[in-house]
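*Asks:* this one's sequence-less:
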């Protein structure tokens, strides 16, 4: 690997500081490029051109106002889904069941929304949003509680809860809350127009994006600038040490997992109020799983989630165009995500090993 | 219907369903026992299962032989296990996270290559009619036992003996219980763990071939919904004991057969809730068998999931 031979040890003092800080940026970026490179090789074995692929991704994701707005609309749930992974990760928990919280947040919105048609939207919408957050928070918070009180592995329990949530959604949408008029695709009753969340001023992107960005910034403040975040990071570093220090480990785990699930539930709320207009099986579209990859790529840093989510939302948005133009199956994006995910995790092994980022070893 | 057996149809259908549905659970959980006894966890077996199902089905379509499909699925599973094992041998790499990535990668690549095989029909694996003594067609149908189920039972017994009484079994257990002790004995823990993970992946691949080549017996993208993951949880429930895995797999298979069994006698309300039964059961046994403050009895000492 690249050792620093060109950098003199007598350099300015800003240089070592920069080198130390850049490790967390350079390694994931290099891993991303390497992952995309491996995917390019895969495309070559399939007789497809990686250059064409990237050109179509650019066109379908960012190339026109329409495609850019499509990308931004898809980024909204992804930002929130990624936070659902990143927040517990700061406590050392690997929660991968965000899909379940998205689904149930959406179902709660779709089931209750039609009953609030008479309530002024200024009251009804925040109420629905908070209920969706509460349902999602309960779901992921349950995984946190099981971890803390019973020692149940949160990775497995959260994914099981996601499967249960999807079964629950199918039951509720096809049974008690089904709109009799929805024949081909069972759905809840459609929301009245007043309860549909509109677009941000001047663009065809719904308000979910603004809330997603806000949630990322707020999470960053929470983790990096408050004592709770500091305590959470200590728990993530060493649970025993945190307990010895007298930190409320249980409350931190419950609070962070519930907040994480709340964000995912909010994503479900926006999918129903801004995109679908009712709750149906489209809620389980895999945003929760893409969110896992985004959080790991961003190294669980809420601010880094923003660019990474925009990137992956772009691949998502371009997926249809790729299928049509290159005659590739829709799973191509999953293969791409798989390559990038693996390389990102492998890159963990590089931290602390490259002298370039460790000035104390520059002699 | 000629033989109207009324509500007796439910337990018989659950029994038959348990035998049919349990086989993939059995193979995946036996593979995971092997891997975890060596001290590593492979959460990616869900992806291995799906890829095994796809590659087995595709091979059976192309060659006309279901057994060739099983062989290819086992081979593909071994490759997945090998990759997982090698990646986890790198320092500072988290085996749980690699498992999640392998799960997404395995399903993605299976869906990618599986597209052309959704339509074609592949030959099925043969079944042994163990219900010949009964003249109830329902019971005869329930006791159509697949060859792989019998093979899985043999594998469970063989693994239990191997772990208890052979040099290989002892080696695996030492590596799983203490890396330091294994090193002191001159063993190479990473190599042994990688080989155990590869063997475990091969078992999971066979479990996938059962899904696509016997029951449900076709390839599509919704073929497995978490069976591979539930099998990993089942291993904890079975306390890393292959024979207990056999019983647990039957129990989980029965839970999975609950919804279809009720539907077969005409009860269809709440179908989706019964469909969730295996997940609820898995979560229930995890809650019941986990403990916040002491290590679990029978758990390999080096296992990251129980630390």
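*Replies:* Received it, and whenever you're ready, just let me know what you need. Computed from a predicted structure; not experimentally measured. Numbering: from 1, shown residues only, chains lettered A, B, ... in the order given.

*Asks:* make it CA atoms for all contacts and neighbour counts henceforth
*Replies:* OK.

*Asks:* could you pull up the residues touching the closest residue to chain A within the stretch 51-200 of chain B?
*Replies:* Minimum separation of the stretch 51-200 of chain B from chain A (Cα to the nearest Cα) falls at residue B:105, amounting to 4.1 Å. The contact partners of residue B:105, by Cα atoms under 8 Å, 6 or more residues apart in numbering or on different chains, come to A:334, A:335, A:337, A:338, A:339, B:47.

*Asks:* which ones are touching the first one?
*Replies:* Residues touching residue A:334, when contacts are defined by Cα under 8 Å, 6+ apart, comprise B:104, B:105, B:108, B:109.

*Asks:* among the residues you listed, which one has the lowest pLDDT?
*Replies:* Across the contacts of residue A:334, the smallest pLDDT goes to residue B:104, namely 92.

*Asks:* sec struct for it, please.
*Replies:* Applying DSSP: H, G, I helix; E, B strand; the rest coil to residue B:104 yields a three-state assignment of helix.

*Asks:* what sits against the closest residue to it other than its chain neighbours?
*Replies:* Nearest non-adjacent residue to residue B:104, counting by Cα to Cα, 6 or more residues apart in numbering or on different chains: residue A:338, 5.9 Å away. Residues counted as contacts of residue A:338 (Cα under 8 Å, 6+ apart) are B:101, B:102, B:104, B:105, B:106, B:108.

*Asks:* phi, psi of residue B:143?
*Replies:* For residue B:143, the backbone dihedrals are phi -100, psi 20 (criterion: degrees, to the nearest 10).

*Asks:* next, work out how far apart it and residue B:18 are.
*Replies:* Residue B:143 sits 10 Å away from residue B:18, taking Cα to Cα, to the nearest Å as the criterion.

*Asks:* with residue B:127 instead?
*Replies:* Residue B:127 is 15 Å from residue B:18, by Cα to Cα.

*Asks:* in the lowest-mean-pLDDT helix or strand in chain A, what's buried?
*Replies:* Between all helices and strands in chain A, the lowest mean by mean pLDDT, DSSP states H and E belongs to helix A:239-244, at a mean of 88. Buried residues in helix A:239-244, defined by neighbour count with 16 or more other Cα atoms under 10 Å in any protein chain shown: A:239, A:242.

*Asks:* cool, and stretch B:187-204?
*Replies:* Buried-residue list, stretch B:187-204, by 16+ other Cα under 10 Å: B:187, B:189-190, B:192-204.

*Asks:* residue B:268 should be in a strand, yeah?
*Replies:* No: assessed with three-state DSSP, residue B:268 is coil; it does not lie in a strand.

*Asks:* and after the helix ranked longest in chain B, which helix or strand comes next?
*Replies:* Longest helix in chain B, counting residues (DSSP state H): helix B:9-37. Tracing the chain C-terminally past helix B:9-37 and defining elements by DSSP states H and E, one meets helix B:45-63 next.

*Asks:* that next one to helix B:9-37, inter-axis angle?
*Replies:* Angle of helix B:45-63 versus helix B:9-37, following axes from the mean of the first three to the mean of the last three Cα atoms, to 10 degrees, is 110 degrees.

*Asks:* what's the helix or strand following helix B:45-63 packed up against?
*Replies:* Elements were assigned by DSSP H and E; along the chain past helix B:45-63, the next helix or strand is helix B:66-89. Here helix B:66-89 touches helix B:45-63, helix B:95-114, helix B:189-213, going by 3 or more Cα pairs under 8 Å, 6 or more residues apart in numbering or on different chains; DSSP states H and E.

*Asks:* what does chain A have sitting close to chain B?
*Replies:* Contact residues (Cα under 8 Å from any Cα of the partner chain) of chain A with chain B: A:94, A:146-153, A:156-157, A:160-161, A:163-164, A:167-168, A:170-171, A:175, A:329-335, A:337-339, A:341-342, A:345-346, A:348-349.

*Asks:* so which of the residues you listed belong to helices?
*Replies:* A:156-157, A:160-161, A:163-164, A:167-168, A:170-171, A:332-335, A:337-339, A:341-342, A:345-346.

*Asks:* that older thread, nearest to residue A:142, of the contacts of residue A:334?
*Replies:* Ranked by distance to residue A:142 (Cα to Cα), these are led by residue B:104 at 24.1 Å.

*Asks:* what sits against residue B:131?
*Replies:* B:139, B:140, B:141, B:142, B:143, B:144.

*Asks:* same check on residue A:322?
*Replies:* A:53, A:56, A:57, A:328.

*Asks:* surely it is within a strand?
*Replies:* No: residue state for residue A:322 (three-state DSSP) corresponds to helix; a strand is not indicated.

*Asks:* for residue A:336, see how far away it is.
*Replies:* With Cα to Cα as the criterion, residue A:322 and residue A:336 are 12 Å apart.

*Asks:* from the contacts of residue A:322, pick the one nearest chain B.
*Replies:* Checking the contacts of residue A:322 against chain B with Cα to the nearest Cα, the nearest one is residue A:328 at 8.4 Å.

*Asks:* quick one, what contacts the closest one?
*Replies:* residue A:322.

*Asks:* if we go to 10 Å?
*Replies:* A:43, A:46, A:48, A:319, A:320, A:321, A:322, B:112, B:115 (Cα atoms under 10 Å, 6 or more residues apart in numbering or on different chains).

*Asks:* how long is stretch A:240-254 from one end to the other?
*Replies:* End to end - Cα to Cα - stretch A:240-254 spans 17 Å.

*Asks:* neighbouring contacts of that stretch?
*Replies:* Applying Cα under 10 Å, 6+ apart, the set of residues contacting stretch A:240-254 is A:87-88, A:90-93, A:137-138, A:140-149, A:228-229, A:231-236, A:239, A:255, A:257-260.

*Asks:* before we move on, which element is residue B:145 in?
*Replies:* Going by DSSP H and E, residue B:145 is part of strand B:144-146.

*Asks:* report how many residues lie close to residue 144.
*Replies:* Just so you know, I chose chain A. Look at residue A:144: counted by other Cα atoms under 10 Å in any protein chain shown, it has 31 neighbours.

*Asks:* try chain B instead
*Replies:* 18.

*Asks:* need the pLDDT of the closest residue to it other than its chain neighbours.
*Replies:* Closest residue to residue B:144 apart from its sequence neighbours, by Cα to Cα, 6+ apart: residue B:129 at 4.6 Å. Here the pLDDT value assigned to residue B:129 is 87.

*Asks:* can you check residue B:289 too?
*Replies:* pLDDT, residue B:289: 85.

*Asks:* next SSE after the longest helix belonging to chain A?
*Replies:* Using DSSP H, we find that the single longest helix of chain A is helix A:14-45. Downstream of helix A:14-45, the first helix or strand assigned by DSSP H and E is helix A:50-61.

*Asks:* on that earlier part again, the longest helix of chain A packs against which elements?
*Replies:* helix A:50-61, helix A:287-297, helix A:332-346 (3 or more Cα pairs under 10 Å, 6 or more residues apart in numbering or on different chains; DSSP states H and E).

*Asks:* now do it: distance to the chain's middle.
*Replies:* Counting by Cα atoms, centre = their mean, to the nearest Å, helix A:14-45 is centred 20 Å from the centre of its parent chain.
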